[in-house]
Structure formats: C-alpha cells, structure tokens
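In: need coordinates for the below:
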Amino acid sequence: MTEDTGDQPCGTRRQLLAGLAVSSTSIAGCTTLPSFGQGVRFGSVDQPETGSPHYRDWIPTQDRGDQFDRVRTSLEYLEPDNRGADLLGTPYGGQGVKPGMDDIGVALSAFEWAVESRGSVVAKGSVNTDTVKAALEETGYQQYDNYEGYRIYERDDLQRVIAHGDNYVLFSGYIDEPLQFVGPRIDAESGRQTRLHEAESQFERMTDSVGAPPWTRIRPGTFTVDGSTAVLEARSVGFGGSIIYTTRSFLFEDGASVSEQSIRDRISEYPEALEADRAEVTVDGNIATVVAKMPPDTFRDMDSIGLYDQPIITWGLAWEPGDSTALLTHEAGDSVDADLFTVYLQDVSAGANDGTDGPREPEPADAQFSDSYGRIGPGNSLSVDVSSQERWQILVRGEPASRNYVWTELVYFPPSLLDQ
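Out: Numbers count the residues shown, from 1 in each chain. The predicted model follows:
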C-alpha cells in the first residue's frame with residue numbers, strides 16, 4: 001500500500017504476493033511550510049483544457065467486494081512528453097508508473113501516455129517487436145503465450161509479465177498465472193469485461209471531473225471538511241505558457257453538505273494554495289475542486305518529490321530452496337549510482353521487535369551494491385546471505401540522498417516458503 005502522509009502528494013505502488021516485484025513510496029516533508037500570516041489569494045483561474053479520461057477503459061472491475069479500497073482506486077496517469085521539463089528542468093511525476101515498468105529497449109518518452117493502477121502499468125505506444133525481443137534477450141523473460149494479439153512474456157523468479165501489442169505495452173506481476181492481471185485489462189479495453197467506471201458510479205464521476213491532465217493521481221480520500229470525508233481525491237498538474245497549474249479534486253458521498261466557504265477555509269492550510277498567485281474553489285454537487293496557478297520556481301521549491309525522476313530497471317533474482325544466498329541482478333535498464341539502492345533482508349517468521357504480532361522490521365543486508373560498485377548497470381549482481389533465516393524476504397529500496405523520499409523498488413518473497 002502506498003505509504004502516504006496525510007494530504008501530501010505521494011507516489012503509488014505495485015504490491016502482489018509470492019515473489020513479485022513491488023514499488024511503493026514513503027514521503028516526508030513533501031511541501032514547504034507557509035510563511036507566518038500568509039493568506040490565500042482567491043480569484044478566477046483559467047486552466048488549460050484536459051482530455052477525456054480514456055485511461056479508465058483499461059481498469060477492469062475485480063471480484064472482491066463492492067466497497068472501494070486503496071488498490072482498486074489508486075492510480076497515476078501521465079503523458080511522458082508533457083511533464084513540464086522545459087519549465088521545471090526535470091520531468092514531473094512517474095513515481096507509480098516508472099517503478100512498475102521493466103526495460104523493453106525504449107525510454108518512457110516513447111509512449112504517448114501511461115497509467116498505473118492496482119500494480120499494473122499500461123503504456124500507449126508502438127514499440128518494434130525486434131526491439132522488445134532484443135531488450136528481453138539478456139533477462140529472465142521468456143515468451144509465454146499470445147493473447148488477443150498480444151505477445152506475452154513472463155518470468156517465474158519474480159513472477160512478472162509483459163504483454164506487447166501493436167499499440168500498447170502492459171507490465172504487471174502475477175500470483176497464480178501470467179495472464180491473471182494483464183488479461184482482464186486487455187479484455188476491459190476491448191469491451192469484453194466490465195470496466196470499473198461502468199460498475200462504480202463514484203469512480204466514473206471522479207474521473208469525469210478530473211479528465212486526463214498531463215499528470216494526475218487519484219486515490220482514496222482523506223480530506224475532511226464539515227464532518228464529511230472525501231471518498232476519492234485527486235491531485236493534478238498541468239502546464240500553460242510559463243505557468244504551473246495544480247488541481248485538487250474531492251469527491252464526497254451523495255448528500256454530503258460541503259460549502260464553498262468551508263473548502264476555502266480548509267485549503268488555506270495547504271502550501272500550494274498559500275503559495276499560489278491565485279486559487280479558485282468550486283463546488284459542483286458532491287465534487288469540490290481547487291485550482292491554483294503559480295510560477296515554476298514556486299512549484300519547484302514546494303514539490304521536490306514529484307521532480308525526482310526514478311529509473312526503470314529490470315531486476316532478476318536467483319534462489320533455489322536450500323541455497324544459502326540469493327543472487328540479485330540488475331539485468332537491464334538505467335544505470336544508477338550504487339548507493340541509490342539499499343538492500344534489506346526481513347525475517348518474516350519472527351515477531352516484531354517491540355514484542356507485538358507481525359514480522360520484524362527489515363534490516364540492511366550485510367552486503368550492498370555500493371560495497372563493490374560506484375555505479376550499477378546491466379549485469380551487476382549482489383549476493384545476499386539468507387542462511388540465517390528460515391522465512392525471509394528481500395527488499396530493495398530507493399533512498400536518494402538529495403531527497404527526503406524513499407520508495408520500494410522490489411520485494412521478493414520466495415513462493416516455496418509460502419506454506420511454511
């Protein structure tokens with residue numbers, strides 16, 4: 001689950017079970033504190049138009065309960081070539097999308113758009129088959145099957161799957177079989193399976209309101225006003241001329257009594273409203289929207305987390321029952337400073353350190369990439385000693401020194417240990 005901090009913008013994560021790669025974020029200090037006595041400058045804001053929420057056609061319903069939960073309703077959508085790099089110096093966003101992808105021989109900029117939801121990524125773009133095959137040749141991926149015009153590649157060590165079609169590429173994990181999560185997405189887009197917004201009116205209403213800005217993140221709500229807590233909320237970023245536009249949207253239950261003045265009072269606690277040149281509040285039925293505009297320097301100083309451009313890496317992990325070590329390998333993708341990642345080993349059979357039920361906190365492994373490398377890239381490996389623990393998992397966390405920001409790049413729990 002995403003490790004969120006209140007209403008601050010944070011990334012999303014992918015988490016499945018039994019040897020799946022996982023990505024999550026933990027953020028502290030996402031925004032700066034307002035100056036003492038500073039007030040919001042309210043007024044009309046003419047923000048750029050956003051497109052229709054086409055990305056939701058790839059989000060199917062799922063067979064578990066009728067209530068919203070974080071995995072079902074958290075998503076990140078972005079347009080790789082429209083992330084404000086010319087204004088901000090670094091492309092914005094991608095904290096959910098990029099860790100959810102593997103290297104297939106092209107950069108993120110090769111895609112028109114990408115969306116991450118429930119641990120799976122769909123990216124729109126035409127990638128040559130030979131390019132994909134060449135990129136996967138030196139990795140643990142093998143062609144598994146074909147499904148509805150998609151070539152399916154899978155790897156059983158981390159239980160990861162790639163579905164490559166003529167105009168889209170899907171990335172995901174799986175638990176039971178490779179098509180478990182990519183198959184329903186392909187079927188949803190083709191109309192063979194019910195989509196989430198067709199079954200859940202709240203999700204439809206929210207995505208209708210948010211549209212498809214250059215970057216948006218939708219998640220379960222935590223925002224509370226007038227005694228009502230939002231069911232869903234979204235944070236979006238857009239660009240127009242030399243201006244950055246930020247939008248916060250809040251969907252409340254039908255019948256909730258939320259006034260425009262109450263929203264104004266509540267968002268006056270938000271740095272991006274306080275720092276904005278102007279902010280506009282509207283309430284339309286059960287949706288409240290706050291749009292703010294500001295210059296790039298103000299936005300950059302306020303939101304450094306979203307401006308951290310994470311790498312795209314294909315990982316491999318070799319371990320067999322009885323082995324005393326597991327071999328973690330950077331198989332393909334971006335090269336990075338070795339000290340960016342810390343490898344942790346967690347004893348999942350023992351109780352928590354404080355005596356309560358649950359596994360112990362993960363501890364740094366005895367060996368780290370930085371012990372042997374200045375930078376790591378394709379082919380670099382790390383041997384992790386697992387001999388001291390009966391049931392364990394390996395975590396790889398990104399911990400950039402330049403940011404107060406941590407994300408989980410990978411989690412590996414051996415499937416053979418599930419029943420122990």
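In: burial count for residue 42?
Out: Residues lying near residue 42 (other Cβ atoms under 10 Å) number 17. To be clear about C-beta, it is placed using only N, CA and C from the backbone, and glycine gets the same treatment.
In: quick one: it and residue 282 touch, right?
Out: No: with contacts counted by Cβ atoms under 8 Å, residue 42 stays clear of residue 282, the gap being 11.3 Å.
In: in the stretch 301-420 of the chain, what residue spans correspond to strands?
Out: 313-318, 325-333, 336-337, 341-347, 363-364, 375-376, 381-385, 392-398, 405-412 (DSSP state E, counting those that start in this stretch).
In: quick one: closest of those to residue 52.
Out: Proximity to residue 52 (Cβ to Cβ) singles out strand 405-412 among the strands of the stretch 301-420 of the chain, at 30.2 Å.
In: which one of the strands of the stretch 301-420 of the chain has the lowest average pLDDT?
Out: Note on the strands of the stretch 301-420 of the chain: lowest mean pLDDT is at strand 405-412, with a mean of 91.
In: run the chain-centre distance for that strand.
Out: Centroid displacement of strand 405-412 relative to its chain, using Cα atoms, centre = their mean, to the nearest Å, is 11 Å.
In: got it, and stretch 319-336?
Out: 23 Å.
In: span of it from start to end?
Out: End-to-end distance of stretch 319-336: 24 Å, with Cα to Cα, to the nearest Å as the criterion.
In: what's it in contact with?
Out: 102-103, 135-136, 138-140, 157, 311-318, 343, 375-387, 394, 396, 412, 414, 416 (Cβ atoms under 8 Å, 6 or more residues apart in numbering).
In: quick one: buried ones out of those residues?
Out: 102-103, 135-136, 139-140, 157, 311-317, 343, 376, 378, 380-382, 384, 386, 394, 396, 412, 414 (16 or more other Cβ atoms under 10 Å).
In: run a quick neighbour tally on the residue nearest to residue 276 when sequence neighbours are not counted.
Out: Take residue 276 and drop its neighbours on the chain: the residue closest to it by Cβ to Cβ, 6 or more residues apart in numbering is residue 292, 3.6 Å away. When neighbours are counted by other Cβ under 10 Å, residue 292 registers 28.
In: okay, now residue 60: neighbour count?
Out: Neighbours of residue 60 (other Cβ under 10 Å): 23.
In: who does it bridge with?
Out: Beta bridges link residue 60 to residue 195 when assigned by DSSP bridges.
In: contact partners for it?
Out: 184, 185, 187, 188, 193, 194, 195, 196.
In: quick one: the strands in the stretch 51-200 of the chain?
Out: Under DSSP E, counting those that start in this stretch, the stretch 51-200 of the chain gives strands at 75-78, 113-117, 120-124, 142-147, 150-155, 160-164, 168-173.
In: select, out of those strands, the one closest to residue 234.
Out: Among the strands of the stretch 51-200 of the chain, strand 75-78 sits nearest to residue 234 (Cβ to Cβ), with 9.3 Å.
In: report all helices and strands that the closest one contacts.
Out: When contacts are defined as 3 or more Cβ pairs under 8 Å, 6 or more residues apart in numbering; DSSP states H and E, strand 75-78 packs onto strand 113-117, strand 215-220.
In: that older thread, need the buried ones from the contacts of residue 60 selected in ChimeraX.
Out: Buried residues within the contacts of residue 60, by 16+ other Cβ under 10 Å, are selected in ChimeraX with:
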select :184,185,187,188,193,195,196
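In: ok, what's across the strand from the residue nearest to residue 276?
Out: residue 246, residue 279.
In: thinking it is in contact with residue 274, fair?
Out: No: look at residue 292 against residue 274 with Cβ under 8 Å: they stay out of range, at 9.3 Å.
In: run a quick neighbour tally on residue 93.
Out: 26.
In: that one against residue 82, yeah?
Out: No: counting by Cβ under 8 Å, residue 93 does not reach residue 82; the two are 10.2 Å apart.
In: so for the helix or strand residue 263 falls within, what gets flagged as buried?
Out: Assigned by DSSP states H and E, residue 263 falls within helix 260-267. Going by neighbour count (16+ other Cβ under 10 Å), the buried part of helix 260-267 is 262, 263, 264, 266, 267.
In: I'd guessed the last one sits against residue 249; true?
Out: What it means is residue 267. No: contact criterion Cβ under 8 Å: residue 267 and residue 249 do not qualify, at 11.7 Å.
In: overlap of the contact sets of those two?
Out: Common contacts of residue 267 and residue 249, defined by Cβ under 8 Å, 6+ apart, comprise residue 290.
In: do you know how far the residue nearest to the spatial centre of the chain is from residue 407?
Out: By Cα atoms, centre = their mean, the chain has its centre lying nearest to residue 96, at 1.6 Å. Residue 96 sits at a distance of 10 Å from residue 407 (criterion: Cβ to Cβ, to the nearest Å).
In: now swap in residue 206 and tell me
Out: For residue 206, the distance to residue 407 - Cβ to Cβ - is 25 Å.
In: got it, and residue 177?
Out: For residue 177, the distance to residue 407 (Cβ to Cβ) stands at 28 Å.
In: neighbour count winner among those two?
Out: Between residue 177 and residue 407, counting by other Cβ under 10 Å, residue 407 is the more crowded of the two (28 against 13).
In: still on that earlier bit, with distance to residue 214 added, can I get the strands of the stretch 301-420 of the chain in CSV?
Out: Output for the strands of the stretch 301-420 of the chain, formatted as CSV (distance: least, Cβ to Cβ, whole Å):
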stretch, distance to residue 214
strand 313-318, 25
strand 325-333, 24
strand 336-337, 25
strand 341-347, 29
strand 363-364, 37
strand 375-376, 31
strand 381-385, 37
strand 392-398, 24
strand 405-412, 21
